[in-house]
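1. no letters, just coordinates:
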Ligand SMILES: Cc1cc2nc3c(=O)[nH]c(=O)nc-3n(C[C@H](O)[C@H](O)[C@H](O)COP(=O)(O)OP(=O)(O)OC[C@H]3O[C@@H](n4cnc5c(N)ncnc54)[C@H](O)[C@@H]3O)c2cc1C
């Protein structure tokens with residue numbers, strides 16, 4: 001890759017940088033209070049972290065005063081925990097199109113497949129009951145695949161796109177799934193060393209070696225195995241690049257998405273450079289070390305995560321794998337979360353349970369309502385989740401008493417926290433579209449903070465810091481990335497900037513991005529969550545709990561310091577973090593940090609003074625301001641009214657195979673999370689490899705070379721032709737139309753399906769998604785009543801995922817070529 005003003009990639013991040021999102025609070029010149037200095041080194045309190053029990057059990061029920069009963073003691077702790085952390089409630093009935101695959105109850109399809117095709121295992125197990133054992137083993141491997149984000153008994157859309165097997169369905173697919181699940185299970189059982197295809201073959205009959213090779217290569221290319229930072233992984237030699245000289249990729253943004261993509265591309269032989277606007281890597285993951293400068297408390301320090309903090313669900317979470325490789329302990333966030341009224345007394349446990357049940361019933365009502373709306377208005381009508389909840393609350397007289405109302409408000413604030421948005425802005429229809437994919441398992445902190453991941457991920461990657469990108473230009477020759485200081489040139493670019501930056505239009509794309517993408521950028525929401533992080537001289541709140549809540553009298557301020565995270569167990573010092581969600585998060589940034597910190601202290605005094613506990617003066621405090629941070633303009637994405645999960649997919653679509661997009665807001669399944677960002681980086685690295693291989697093949701093949709250089713224009717023409725062809729489809733029903741493969745009439749052959757999503761959702765008819773489907777399944781779809789039923793059958797039973805045209809992979813591309821060629825005759 002060239003740079004016009006020859007400049008060297010900078011070494012790892014400079015140690016000093018102000019977190020743009022954070023504002024330090026200038027404390028009084030009191031000896032006890034030191035002015036916060038966010039310019040400090042971000043090194044986390046590793047020593048303190050090391051002292052923490054990695055998977056500590058819940059502390060015994062306790063409260064700040066011996067006499068205060070636990071508000072949660074009388075209710076099921078596990079249910080409370082689900083609500084009181086950053087987790088959304090799952091209402092399966094509320095998910096209109098997304099289907100989760102589950103294993104069949106009696107025998108897994110994988111097990112059946114093995115039975116049918118006789119893939120024997122050669123592990124040392126007794127011959128008796130071998131069938132049962134084999135079935136159990138296959139089931140457990142399928143579950144591991146499920147946890148890693150795969151449909152356990154069918155192909156993922158990436159696998160379909162990568163054409164891992166020539167024909168979808170049938171025996172070969174079943175065999176492939178057994179092999180794929182087995183390799184994944186081998187990797188997850190020991191992510192400290194890479195899984196070789198030979199190791200995978202040890203348990204599979206040798207005649208299936210080609211399937212093992214295909215599955216192994218797919219899983220490695222997509223970083224489902226052999227990823228991360230274990231020394232044995234890092235010492236693997238890079239794979240040979242798809243072409244020489246190696247293709248170059250410019251990555252805009254050094255957050256989790258950019259860093260993951262860079263590492264993976266480098267391991268695949270690509271030349272990579274990251275162009276980053278800040279003076280540090282990590283983006284919305286930033287651990288700030290806070291230190292006492294007070295003479296009375298000289299040694300107090302703590303590591304505070306100002307952005308991404310909790311690993312939400314550790315099962316299957318790739319960050320859990322990396323933590324294990326790096327030897328990071330995990331601290332399970334404990335379930336106990338007492339709630340305090342504004343006067344400091346704890347909420348009565350009966351009332352707590354009652355209001356929580358009422359809150360869940362309200363969500364159930366909304367769930368039923370949206371089903372009715374979806375059935376009655378096929379073209380889609382969306383309202384805000386907040387409006388629907390309030391309508392039911394008023395109609396059913398829920399939480400009529402002031403204390404109940406405060407409690408209900410607390411639950412609503414918690415929902416606003418999970419979504420980083422006021423409920424008034426959330427789509428009733430799709431706000432929880434990602435719930436089916438939620439990572440299972442405990443929520444965890446990484447003692448010492450998440451910047452430890454960042455440092456490890458960024459190590460050895462060429463990153464150009466302080467380079468604010470203003471323009472990305474792309475064409476058939478490659479890409480140019482213009483910053484305020486320099487110009488970079490590469491073969492491809494991966495844009496990982498937050499959705500807030502894209503919405504703001506701070507980066508000019510030349511030529512303009514396709515209208516569909518620009519519309520999705522505007523539709524999808526990007527919300528706000530802020531934190532006040534306070535280092536105290538000692539822990540006065542009982543560090544054996546990880547969270548406690550605070551209720552407010554004024555509904556409009558329900559999100560203000562509604563939840564406190566105690567980081568005493570993991571940060572190395574007495575650290576409290578107060579969360580500010582919903583409307584309050586927006587108001588928060590209009591006030592001075594001093595005012596905000598004073599308000600937090602006031603809240604804490606109201607809670608603890610009645611218990612005879614004095615709240616000490618803070619040693620240091622920081623208020624985040626993610627909304628005005630010019631490198632994000634917000635905290636994370638949410639599904640706004642009128643938007644849907646499709647918009648995440650549209651944001652993820654590449655343009656002209658030159659500009660690719662990653663980042664949490666491109667991950668439909670795991671948006672708004674650190675692991676979602678990481679996985680999106682791996683996903684796009686794989687897509688970039690696919691595009692580079694395609695380009696290399698075109699260059700190698702003379703008849704293809706004729707058309708290859710006008711990549712963009714060719715793609716445009718493709719779209720127009722396809723629209724024409726769909727005017728006279730082979731089959732059409734509802735919003736669906738189908739073009740069959742003209743070269744065959746085999747029932748198992750692949751047909752191209754187009755679904756007018758726009759007509760259903762936006763009333764415009766302009767947005768189409770595409771999928772591949774077996775010809776024999778078309779008639780079944782046509783016979784169904786209504787597009788909703790068709791869509792769910794498509795996802796659930798046929799395993800077809802709807803994508804943009806770019807996502808159909810080689811199978812899709814060659815099918816389209818055949819259809820076009822036949823139409824010319
Ligand atoms: C307050 C807060 C709390 C959160 N809590 C959690 C949590 O508990 N658990 C969880 O899983 N997730 C949480 N998240 C979300 C999580 O942090 C993000 O989803 C994830 O870090 C996003 O990573 P990314 O790579 O997509 O984007 P980013 O980390 O934002 O990376 C994008 C990079 O692009 C750079 N950039 C932007 N514009 C430009 C430009 N013009 N030129 C050059 N560079 C540019 C940015 O500086 C940044 O480094 C939280 C986020 C916030 C803000």
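-> Noted; the coordinates are in hand. Quantities reported herein were computed from a predicted structural model and do not represent experimental measurements.
2. wait, residue 284 touches residue 636, no?
-> Yes: using CB atoms under 8 Å, residue 284 is in contact with residue 636, at 7.4 Å. Yep, even glycine has a C-beta here, placed from its N, CA and C like the rest.
3. which one of the two has more residues nearby?
-> residue 636 (29 against 23; other CB atoms under 10 Å).
4. what's the average pLDDT for the host helix or strand of residue 361?
-> Assessed by DSSP states H and E, residue 361 sits inside helix 349-376. In this model, helix 349-376 has a mean pLDDT of 91.
5. buried stuff in it?
-> For helix 349-376, the neighbour count (16 or more other CB atoms under 10 Å) marks 349, 352-353, 355-356, 358-359, 362-363, 365-367, 369-370, 373-374 as buried.
6. now do the contacts for residue 393.
-> 362, 399, 408 (CB atoms under 8 Å, 6 or more residues apart in numbering).
7. got those as CSV, with distance to the ligand columns?
-> Listed next are the contacts of residue 393 as CSV, based on distance: CB to the nearest ligand atom, whole Å:
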residue, distance to the ligand
362, 25
399, 28
408, 24
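8. now do residue 271 against the ligand, distance only.
-> Per CB to the nearest ligand atom, to the nearest Å, residue 271 is found 19 Å from the ligand.
9. that residue and residue 244 touch, don't they?
-> No: counting by CB under 8 Å, residue 271 stays clear of residue 244, with 11.0 Å between them.
10. settle it for me: which of the two has more neighbours?
-> residue 271 (17 against 9).
11. report the separation between the closest residue to the more buried one other than its chain neighbours and residue 488.
-> Leaving out its chain neighbours, the residue that sits closest to residue 271 by CB to CB, 6 or more residues apart in numbering is residue 248, at 4.2 Å. Using CB to CB, to the nearest Å, we find residue 248 at a distance of 9 Å from residue 488.
12. what about those two, which has more around it?
-> Using other CB under 10 Å, the more surrounded residue of residue 248 and residue 488 is residue 488, with 25 against 21.
13. make sure the more buried one is indeed in a strand.
-> Yes: assessed with DSSP: H, G, I helix; E, B strand; the rest coil, residue 488 lies in a strand.
14. look up the pLDDT of it for me, please.
-> As predicted, residue 488 sits at a pLDDT of 97.
15. my guess is it meets residue 273, correct?
-> Yes: between residue 488 and residue 273 there is a contact at 6.8 Å, judged by CB under 8 Å.
16. for the residue nearest to residue 499 when sequence neighbours are not counted, helix, strand, or coil?
-> Take residue 499 and drop its neighbours on the chain: the residue closest to it by CB to CB, 6+ apart is residue 665, 3.8 Å away. Per three-state DSSP, the secondary structure class of residue 665 is helix.
17. swap in residue 556?
-> Three-state assignment for residue 556 (three-state DSSP): helix.
18. how close does it sit to residue 590?
-> 14 Å.
19. looking at these two, which one has more neighbours?
-> Legend: neighbour count by other CB under 10 Å for residue 556 and residue 590, higher for residue 556 (12 against 9).
20. tell me the pLDDT of the residue lying closest to that one once chain neighbours are set aside.
-> If the residues on either side of it in the chain are set aside, residue 556 comes closest to residue 583, at 6.5 Å by CB to CB, 6+ apart. Here, the pLDDT recorded for residue 583 equals 97.
21. helix or strand: which one has residue 583?
-> helix 582-588.
22. list the helices and strands that helix packs on?
-> The contact analysis (3 or more CB pairs under 8 Å, 6 or more residues apart in numbering; DSSP states H and E) places helix 582-588 against helix 402-419, strand 560-566.
23. just the helices in the stretch 701-825 of the chain please.
-> Shown for the stretch 701-825 of the chain, the helices assigned by DSSP state H, counting those that start in this stretch span residues 702-708, 711-725, 757-761, 775-783, 787-796, 809-824.
24. just give me the neighbour total for residue 345.
-> A count of nearby residues for residue 345, using other CB under 10 Å, gives 13.
25. cool, and residue 554?
-> Residue 554 is flanked by 11 other residues according to other CB under 10 Å.
26. so who does it touch?
-> Contacts of residue 554 (CB under 8 Å, 6+ apart): none.
27. and it, how far from residue 578?
-> Taken as CB to CB, the span from residue 554 to residue 578 is 17 Å.
28. for residue 459, same thing?
-> Taking CB to CB, one finds residue 459 at 33 Å from residue 578.
29. between the two, who's got more neighbours?
-> residue 578 (25 against 13).
30. and the angle for the helix or strand containing that one with strand 560-566?
-> When elements are assigned from DSSP H and E, residue 578 belongs to strand 575-580. Using axes from the mean of the first three to the mean of the last three CA atoms, to 10 degrees, the inter-axis angle of strand 575-580 relative to strand 560-566 is 150 degrees.
31. each with direction, which strands does strand 575-580 pair with?
-> strand 530-535 (antiparallel), strand 560-566 (antiparallel) (DSSP bridges).
32. name the residues that touch the longest one?
-> Right, strand 560-566. Strand 560-566 is contacted by residues 84, 309, 337, 410, 413-414, 417, 532, 539, 541-543, 545-552, 575-581, 584, 587-588, 599-600, 603 when judged by CB under 8 Å, 6+ apart.
33. can you report how many residues lie near residue 580?
-> The number of residues packed near residue 580 is 29, by other CB under 10 Å.
34. before we move on, what about the one 3 residues further on?
-> Neighbourhood size, residue 583 [other CB under 10 Å]: 22.
35. repeat that for residue 799.
-> With other CB under 10 Å as criterion, residue 799 counts 22.
36. who's in contact with it?
-> Residues in contact with residue 799 (CB under 8 Å, 6+ apart) are 101, 151, 154-155, 160, 168.
37. ok, and which of these reach the ligand?
-> Among these, proximity to the ligand is found for none (CB under 6 Å from any ligand atom).
38. where does confidence bottom out across the residues you listed?
-> Within the set of the contacts of residue 799, pLDDT is lowest for residue 101 (25).
39. if we can go back for a sec, mind checking how far the residue nearest to residue 271 is from the ligand?
-> 18 Å.
40. and what of residue 546?
-> In terms of CB to the nearest ligand atom, residue 546 sits 13 Å off from the ligand.
41. leaving out sequence neighbours, find the closest residue to residue 381.
-> Using CB to CB, 6+ apart, the closest residue to residue 381 is residue 373 (5.7 Å).
42. what residues are up against the residue in the stretch 301-450 of the chain positioned nearest to the ligand?
-> Scanning the stretch 301-450 of the chain for the residue nearest the ligand gives residue 308, at 2.7 Å (criterion: CB to the nearest ligand atom). Residues in contact with residue 308 (CB under 8 Å, 6+ apart) are 256, 284-285, 450, 673-674.
43. again, only this time at 10 Å
-> Neighbour list for residue 308: 255-256, 282-287, 319, 449-451, 453-454, 635-636, 664, 672-675, 677 [criterion: CB atoms under 10 Å, 6 or more residues apart in numbering].
44. what about residue 342, neighbour count?
-> Each residue near residue 342 was counted by other CB under 10 Å, and the total is 15.
45. show me where the stretch 601-750 of the chain dips below the pLDDT cut-off.
-> The stretch 601-750 of the chain contains residues with pLDDT under 70 at 699-721.
46. which residue ranges form the strands in it?
-> 620-624, 636-638, 659-661, 731-733, 736-739, 750-755 (DSSP state E, counting those that start in this stretch).
47. same list (those) but as CSV, adding distance to residue 528.
-> Formatted as CSV, those follow (distance: least, CB to CB, whole Å):
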stretch, distance to residue 528
strand 620-624, 10
strand 636-638, 9
strand 659-661, 22
strand 731-733, 43
strand 736-739, 39
strand 750-755, 34
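48. among these, which is nearest the ligand?
-> strand 636-638 (4.6 Å).
49. so which elements touch that closest one?
-> With contacts taken as 3 or more CB pairs under 10 Å, 6 or more residues apart in numbering; DSSP states H and E, strand 636-638 sits against helix 402-419, helix 499-504, strand 525-527, helix 645-652, helix 674-700.
50. could you redo the last one with a cut-off of 8 Å?
-> Under the contact rule (3+ CB pairs under 8 Å, 6+ apart), strand 636-638 is packed against strand 525-527.
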